[in-house]
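Engineer: Sequence and predicted structure below; questions after.
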Amino acid sequence: MTYRFRSACTTLRRDPAHLRVRDRAVLRILNRAEAATAAQLAVLAYHNRRLAQARLRQLWQMGYIERSTLPPAGPRGGAPFAYRLSSACLHRLGYRRTPWRGPGYLAHTLDGVEAVCSLIAASDPEIEPLVQLWLPESIVADALPTGPVPDAVVVLAGGGGSGVVCLEIDESTQHVAPIRAKLRAYRRVIGGRPGWHALFVVPSSTRGAWLRRVARGCDLGGLSLFVVTADALHRDGAAAELASAAGPARTVILQALLSDARARRSVT
């Protein structure tokens, strides 16, 4: 499917300094994540679906964001929008757009944001937020300057400890050779590193079983590597059951990975 982003106007109708705090936060999120839906931005910033839809419509009308229609969410659901920063907003704020990488890139980007939203929605941010830090792919080199390049790096903290999870959003498009090259890169960079894990989010249990077979053909000693379906992560969040892909076959709850005693809590 070809996605066409459109803006309501080509010039900004209000100075950025006059925007609300959460609206400015959404612009920063869209700059780093590149695209998101109203439902995702409700989790990340607005905390209310209707408020998110209303504020995003106003930002669109003021020329700050562009939107593209996505396939309907269900037989009765309307077609949602994907949002990204407009050219006028990018120019005004001094941002640069990531080069477009084909029609599948938008779906991959939204799936990555959805995985993070599933973890954020699993905890109460006012009591004990689970997600302490989120580095999207655009800035993930801050955490792993020597590679590989995960789709996101998420720092988590719970009652039992903390952990860092490198998220790989698998779309069933890569074959054995690039997958094994990526796994070897993870082993080199985070293998044996306390509290660090690689988590592949796959579209189906069949793909997950295939990925585990591919991983068994690699020497991944010391790498904490797990697989979870996107549906399970969306449904269960931190309580999702993960299947190990390195070492002995076992399952573990995502929350149980947060056993590192290192303090990784954000002061924000």
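Structural biologist: Structure's in. What do you need? Not measured: the values here are computed from a predicted model. Numbering: from 1, shown residues only.

Engineer: Quick check: the closest residue to residue 69 other than its chain neighbours vs residue 47, distance?
Structural biologist: Excluding the flanking residues, the one nearest residue 69 by CB to CB, 6 or more residues apart in numbering is residue 79, at 5.0 Å. To be clear about C-beta, it is placed using only N, CA and C from the backbone, and glycine gets the same treatment. Distance from residue 79 to residue 47, counting by CB to CB, to the nearest Å: 24 Å.

Engineer: So which of the two has more stuff around it?
Structural biologist: residue 47 (12 against 9; other CB atoms under 10 Å).

Engineer: tell me the SS of the residue nearest to residue 69?
Structural biologist: Following DSSP: H, G, I helix; E, B strand; the rest coil, residue 79 is assigned to coil.

Engineer: which residues sit in contact with it?
Structural biologist: Neighbour list for residue 79: 69-73 [criterion: CB atoms under 8 Å, 6 or more residues apart in numbering].

Engineer: Dump those into TSV; add secondary structure as well.
Structural biologist: Shown next, in TSV, are these (three-state DSSP):
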residue	secondary structure
69	strand
70	coil
71	coil
72	coil
73	coil
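
Engineer: Pull out the buried residues from those residues.
Structural biologist: residue 70 (16 or more other CB atoms under 10 Å).

Engineer: quick one: which of the contacts of residue 79 is nearest residue 251?
Structural biologist: For the contacts of residue 79, the residue nearest residue 251 by CB to CB is residue 73; the value is 29.8 Å.

Engineer: Check that closest one and give its pLDDT.
Structural biologist: As predicted, residue 73 sits at a pLDDT of 67.

Engineer: do residue 225 as well
Structural biologist: pLDDT for residue 225: 97.

Engineer: count of residues packed around it?
Structural biologist: For residue 225, using other CB under 10 Å, the count is 26.

Engineer: ditto for residue 213
Structural biologist: 11.
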